[in-house]
Each structure stands twice: as C-alpha cells, then as structure tokens.
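J.: Following is a predicted model, sequence given first.
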Amino acid sequence: MEDISKNIPEKESLNFLEEIIENDLKSGKYKEIITRFPPEPNGYLHIGHAKSICLNFGLALKYGGKTNLRFDDTNPVKEDVEYVDSIKEDIQWLGFKWANEFYASDYFEQLYEWAVQLIKKGLAYVDDQTLEEIRKNRGTVTEPGKDSPFRNRSVEENLDLFIRMRKGEFADGARILRAKIDMAHPNMQMRDPIMYRILHASHHRTGDKWCIYPMYDYAHGESDSIEKITHSICTLEFDIHRPLYDWFIEQLDIFPSHQYEFARLNLTYTVMSKRKLLQLVTEGRVTGWDDPRMPTICGFRRRGYTPESIRNFCERIGVAKRDNVIDVSLLEFSLREHLNKTAKRVMAVLNPVKVVITNYPEGQEEEMDAINNPEDENAGTRKVPFCKEIYIERDDFMENPPKKYFRLSPGQEVRLRYAYFITCQEIVKDEEGNIIEIRCTYDPASRGGNSPDGRKVKGTIHWVSAKHAIQAEVRLFDRLFNKENPEDTEEGQTFLENINPDSLQILKSCYLEPSLKESQRLEKFQFERLGYFNVDYDSKPGALVFNRTCTLKDSWQKEQEK
RNA sequence: UGUCCGAUGGUGUAGUGGCAGCACAGCAGAUUUUGGUUCUGUUAGCCUAGGUUCGAGUCCUAGUCGGAUAACCA
C-alpha cells in the first residue's frame, strides 16, 4: 500500500476540527489524539463515508495519532459479515490503515457490568411498558413526557429483572432497560432513553450468547471511552445526542471522550441513503453494490475512480457544520485532475465511419510512434499501425460544417494524430443518403503530423487502422440518479420512479488500437477526446469491456448547445 | 409549538474586531499533435434590523430563513 502520510497537502488555514485538536495538543489536554471510524456493518460504504474516513484517519495522520476501526454492531438483525469484509476492503483501498480492529460487541460484557452499576446507583430501571405506551408517554417536541409506572421500582427488583432479561426469561419487547433521567427534558433524547432491548437474534460475531443488546446511545460513548478516543467525530444529526453521550460517561466516571459533529456530504444527483441503496440492490435494479453506477466506494472503484482522486476531493470540499450540497462536477474534476497526469492516452473509435486514403499505396503498412502520456515522459511511446483504410469518429466529420468547425469536412485538411495530414475529396453514400465512406488524399511529407512547409491545420483527429483494429465493448454510464438528492422524505419514496431509464448502461461495439489488446482489469486510459475509461470484466469470457469513468471537458459541445 | 445546530459569490470553504481570500463552476485570452491539458486575466459574496466600537463578516439583541430532533435503528 502506498504511504499517504507524506502526501498530505499543506493548507494555509485550519478547519474547525484541526483547530480544536491543535488547541487540545497545545494545552496538554492530550498527548496523542485517537480517532475512530465506527461504521455499522449493515451496508457498503459510499462516498459520504469516504468523507468521514478521510477526516478521521486524516486528522490522526496529520497529528501523529491513531485511528481505530470499530464496527458498531449492536443490532444483530441488520448486520452481516459480508459488510464487515467489504468495509475493510474499501478503507484499505482508499489508502488508510487502522491501528486496531474493534467491535462494539467486544464490549458487551463490560457494557452489561456498567448497566448493572447504573441500576445500583438508581440511574437505570426496567420498564415493562409496551412499545406503544413508551412512545405515547415520551411526549412530543412541545409537550413533556409522562413517567412510566415502573420508573420507581426498587434497585433490587430492577437488578433481578435485568439479570433475568439477560438469562432469556422474557420475550422480545417484553421489557427494556432505561436510563432514569428526566421525562420532561426539553431534549427528547434525555427522556429516559432506552439502554437495552431484548432481541433473541443471532449475532454475526457473538452468536447466541446474548439476547439483550445495547442501543447506540448507550454503547457508543462507552466504546469510545474504552478505546480512549480523544475526538469522536460524527455527523450533525448526532449533536442532539451529545448531552446523553456525556451523561453516561459522567455517571460511569470513565475516560472522557468527546463528540464533535460535522455536516455530512451531499452530492447533486446522487442518492446517499443506505436504505435506498440497499433497495436498489435487493430489487435487482443494479447488478450489485459495486455496480459502476452506484455511489458506493466499490462502485466508484469499478467505475475507474482512483483512491487519490477521492481523497483529494474530500480534502477540497472541506469540513464545516453547515449543510451543503456539493456539485458532482467537483468530484469529476478531482478524478480528471489525477487521471490527466497518470492515464495512458490511447485511440479508439466509438462511432466509426470508414476513411479510404486514395493515394496511399495498396497493401502498404506503417507503424507510427505515439506518445503514451504527454504529461509523463517516463510513460514512453508505442507503435500504432497505419494503412490505407482507417476508421474515424463520425462526429469528426461534417458534410456541411458550421463556422469554426475544425475537423474533417469536404475540402478540409486535418491531421490524423501521430500520422498524416489528410484532405477530404469525396463522400460515398448509400441509397438512403447515409455516409458510408469518406475518400481522402494524404500528404506523404506530413508523416508524424508535421508538414515540412510549416503549414498549420487546426484540427487533429483520432483514428484506428481498419485492418489492425481490435473490437471491444464500451459501456457509457449515465448517473443512476437524475433527481437532485431525494433524501429520506415522502418525495424520496418515489425515487425509484425517478431513476432515469437512460442511465442503463449502453454496451456498444467499437474499434480500438491494437495496443489495447494487452489491457488488464482496472487499468485506466484516456481515449483521445472520448473521455476516461477503465477495463473491467464482462460476462463474455475474453471480451474487453471499457467503462467510462468520466467524461472530458468539451467546450466544443458546449458551444454547440448555445 | 419546544430544544439544539447553522447562515460569507452559482457551489463549497477561509478570515487574533482592521483592505473579504482560496478552490470548483462561469466568462475572456494565450499555448496546444485532439475544441482536452496547461497558463494568464476576469465576473460575482458577508440573511435582515438595531446596538457596542474610531472601526463589525467577526461581539450583543431581536427577527428571517434552512436543518436536526418525538425508532425497542445507527
């Protein structure tokens, strides 16, 4: 794995978390900072998690601390080992190393003991109310709640009941353990929050050892505390939980971890809800969590994104506490920026039309030298075969060109990249008037793309030798979600109907230059003018399939749209 | 209708009470063997109203707008 610790760009200013950490370090509050990334293993990681990962790991890296990976696995009915494996793979792919791999379930015994301690201190009680009663008695945001009739049970009775809860004497939902705080608290989270529920469910790690499971609010802060997490960084919706986080730590008198909140990432045209992504997978709308149209980390990986580009993106968007919606074009910019420097340039023709060079000797073949990457001298050159018949892009020819069209048109001379200047002399059409062949002459003196008389051509186009071309399939992706951010609202319920049917992949046969024959899966290329692609597997054995990872900026297209 | 959080160009993000900066997007030009890339220039901003102050994006008060919050989810 590459070492990214030396690779952190120097910034002129600090974000608010860096400022907090620097102050804590300076004041001597902590000698070493410890953060954690705490996913629940109930789904695959998406680009929103990438922000959290970059933050937690990045902060520790920057200040010489460490980061734990902790699976927040307190709800066995939703969780699975498939997810823990994928999460670990994705974090590593992003380039981060965790100091320890922990599980909230590792702490179940300790958490239980602490719960007993709270009962003994009269700070927790067993409640026999039904779900509906609890809900009703919690009050509303404007009305205070009502005390449970079981709220004032004796310590002995609570202890007995709780022990029996653990033993499995009661059915699911029969009783719960609650913290005894204040049913009239203006913060709903403090109205005697539930600590434990009975769940006779098999856990992916602890099996059937437990039939009571701690709730997030009871488990999270304590888990942080056990690991001596100094800065527990989470998203904004948890800020209302912070008083409770602090309450448990204070009552238990354990290591005082602190929680800090930041605004989660929102991307235009992208659904980030785990629930809906799961729905897409289970309903078979996509081929899996790693479908290249998914905003998951593995989806982006298969699509051809690089970890570096995602890290740079996260750096660029910054971190703050106000809600934000980042334009996907910034993500794409970050990818292009990286791929521009690293991706091999290669010629391919997606939408071919044949060009015959009439004055080129029949049967002659040549090899042209092509530069692999103009931005990287070490990338070297390759040989590209050339002969009398070639394919060019249909878009690179216009019979009746508008003004300022630089590419091929009748009488117009263009450069074939790395090859010759050609001039269009004649067009061959079928009965329906479709252009089936373009006949050109070439200038033998312009070999390599320069004319000795120094004349300039404005247009340069890509091509592929008809005789030597290999055929492959190309997938062009649209974004799966064409509605802006249908989050967890009623509007979001209809989001599946809002999926653009055109977002389905287009599998299209095309012509590639022969050097692509040796391509390996997940190699990345810039197809001249056509965008960035990466090689992927396909159902058909031996077939080369290219996924479009990202498009090129195209000012010509923009001009046309005006 | 409570409580909590937030508000700086189109989008994000900086700004010990002292000239509002940076990135992306946009626009204009230069370079270019792909109308890409690169480079240069440039448009555009402190939610409102009061107050404190020589001086307020920053501090105070009130309001407006946005978000979170009433799961035996995390």
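T.: Sure thing, it's come through. Numbering: from 1, shown residues only, chains lettered A, B, ... in the order given.

J.: going forward, measure contacts between C-alpha atoms and count neighbours the same way
T.: OK.

J.: where do the helices sit along the stretch 401-550 of chain A?
T.: A:490-493 (DSSP state H, counting those that start in this stretch).

J.: what does it put close to RNA strand B?
T.: For the stretch 401-550 of chain A, the residues in contact with RNA strand B (C-alpha under 7 Å from any atom of the strand) are A:404-407, A:416-419, A:447-450, A:458-462, A:527-529.

J.: now those: which count as buried?
T.: Applying 16 or more other C-alpha atoms under 10 Å to these, the neighbour count classes A:406-407, A:416-419, A:447-450, A:459-462, A:527-529 as buried.

J.: Tell me who's in contact with the residue of the stretch 101-250 of chain A found nearest RNA strand B.
T.: Residue of the stretch 101-250 of chain A nearest RNA strand B, by C-alpha to the nearest atom of the strand: A:Gly173 (3.2 Å). Residues counted as contacts of A:Gly173 (C-alpha atoms under 8 Å, 6 or more residues apart in numbering) are A:130-131, A:197-199.

J.: Please apply the same query to A:Pro256.
T.: A:225, A:228, A:230, A:246, A:249-250.

J.: the helices in the stretch 51-200 of chain A, which residues?
T.: For the stretch 51-200 of chain A, the helices defined by DSSP H, counting those that start in this stretch cover A:81-94, A:108-120, A:131-137, A:155-167.

J.: Identify the residues contacting the second one?
T.: Just to be clear, that refers to helix A:108-120. Helix A:108-120 is contacted by residues A:124-125, A:155, A:158-159, A:213-214, A:219, A:222, A:251-252 when judged by C-alpha under 8 Å, 6+ apart.

J.: do that helix and RNA strand B meet?
T.: No - using C-alpha under 7 Å from any atom of the strand, helix A:108-120 never reaches RNA strand B; the gap is at least 12.0 Å.

J.: Could you tell me which residues within that helix count as buried?
T.: Buried residues in helix A:108-120, counted by 16+ other C-alpha under 10 Å: A:108, A:111-112, A:114-120.

J.: Check the third one too.
T.: For helix A:131-137, a neighbour-count test (16+ other C-alpha under 10 Å) marks A:134, A:137 as buried.

J.: Would you mind pulling the contact partners of it?
T.: Outside helix A:131-137, the residues that touch it by C-alpha under 8 Å, 6+ apart are A:145-148, A:173.

J.: could you redo the last one with a cut-off of 6 Å?
T.: Contact partners of helix A:131-137, identified using C-alpha atoms under 6 Å, 6 or more residues apart in numbering, comprise A:145-146.

J.: could you give the mean pLDDT of it?
T.: Per-residue pLDDT values across helix A:131-137 average out to 96.

J.: Nearest residue to A:Gln251 in space, ignoring adjacent ones along the chain?
T.: For A:Gln251, ignoring the flanking residues on the chain, the nearest one in space by C-alpha to C-alpha, 6 or more residues apart in numbering is A:Leu118 at 7.7 Å.

J.: separation between the one you found and A:Ala219?
T.: Applying C-alpha to C-alpha, to the nearest Å, the value for A:Leu118 to A:Ala219 is 14 Å.

J.: And A:Ile422, by the same measure?
T.: Noted for A:Ile422: a distance of 72 Å to A:Ala219, by C-alpha to C-alpha.

J.: do A:Tyr305 as well
T.: Going from A:Tyr305 to A:Ala219 by C-alpha to C-alpha gives 35 Å.

J.: between these two, which one's more packed in?
T.: Comparing A:Tyr305 with A:Ala219 by other C-alpha atoms under 10 Å, the one with more neighbours is A:Tyr305, at 28 against 25.

J.: need the contact list for that one.
T.: By C-alpha under 6 Å, 6+ apart, no residues touch A:Tyr305.

J.: Contacts only, for A:Ser409.
T.: Taking C-alpha under 6 Å, 6+ apart as the criterion, A:Ser409 is in contact with A:397-399.

J.: I misspoke; the intended subject was A:Tyr511.
T.: Taking C-alpha under 6 Å, 6+ apart as the contact definition, A:Tyr511 lies against A:348-349, A:469-471.

J.: A:Glu513 now?
T.: A:347, A:464, A:469.

J.: run the last query once more with 8 Å
T.: By C-alpha under 8 Å, 6+ apart, A:Glu513 lies in contact with A:346-348, A:384, A:464-465, A:468-470.

J.: from the residues you listed, which would you call buried?
T.: Taking 16+ other C-alpha under 10 Å as the criterion, what is buried in the contacts of A:Glu513 is A:346-348, A:384, A:464-465, A:468-470.

J.: okay if I get those as TSV plus pLDDT?
T.: Output for the buried ones among the contacts of A:Glu513, formatted as TSV (pLDDT from 0 to 100):
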residue	pLDDT
A:Val346	96
A:Met347	97
A:Ala348	97
A:Val384	97
A:Val464	98
A:Ser465	98
A:His468	97
A:Ala469	96
A:Ile470	93
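
J.: of all those residues, which two lie farthest apart?
T.: Using C-alpha to C-alpha, the two most remote members of those are A:Val346 and A:His468, lying 14.6 Å apart.

J.: Please report the number of neighbouring residues for A:Asp376.
T.: By the criterion of other C-alpha under 10 Å, A:Asp376 has 14 neighbours.

J.: nope, A:Arg164 is what I meant
T.: Considering only other C-alpha under 10 Å, A:Arg164 is surrounded by 12 other residues.

J.: so what's it scoring on pLDDT?
T.: Listed pLDDT for A:Arg164 reads 98.

J.: Report the contact partners of it.
T.: Applying C-alpha under 8 Å, 6+ apart to A:Arg164 gives the contacts A:Phe170.

J.: so who does A:Ser309 touch?
T.: A:Ser309 makes contact with A:331, A:334-335, A:337-338, according to C-alpha under 8 Å, 6+ apart.

J.: which of those sit farthest apart?
T.: A:Leu331 and A:His338 (11.1 Å).

J.: more crowded one of the two?
T.: For the pair A:Leu331 and A:His338, the greater number of neighbours falls to A:Leu331 (21 against 18), based on other C-alpha under 10 Å.

J.: Remind me which helix or strand that one belongs to.
T.: Per DSSP states H and E, A:Leu331 falls inside helix A:328-342.

J.: Sort out which residues of that helix are buried, please.
T.: For helix A:328-342, by 16+ other C-alpha under 10 Å, it's A:331-336, A:338-340, A:342.

J.: for stretch A:395-403, same thing?
T.: A:396-397.

J.: can you give me the end-to-end distance of it?
T.: With C-alpha to C-alpha as the measure, stretch A:395-403 spans 15 Å from end to end.

J.: What residues does the stretch 201-350 of chain A have near RNA strand B?
T.: Within the stretch 201-350 of chain A, the positions near RNA strand B by C-alpha under 7 Å from any atom of the strand are A:214-217, A:236-240, A:263, A:316-327, A:329-330, A:333, A:337, A:340, A:345-347.

J.: Pull out the buried residues from those residues.
T.: Looking at these with 16+ other C-alpha under 10 Å, the buried ones turn out to be A:214, A:216-217, A:236, A:238, A:263, A:319, A:333, A:340, A:345-347.
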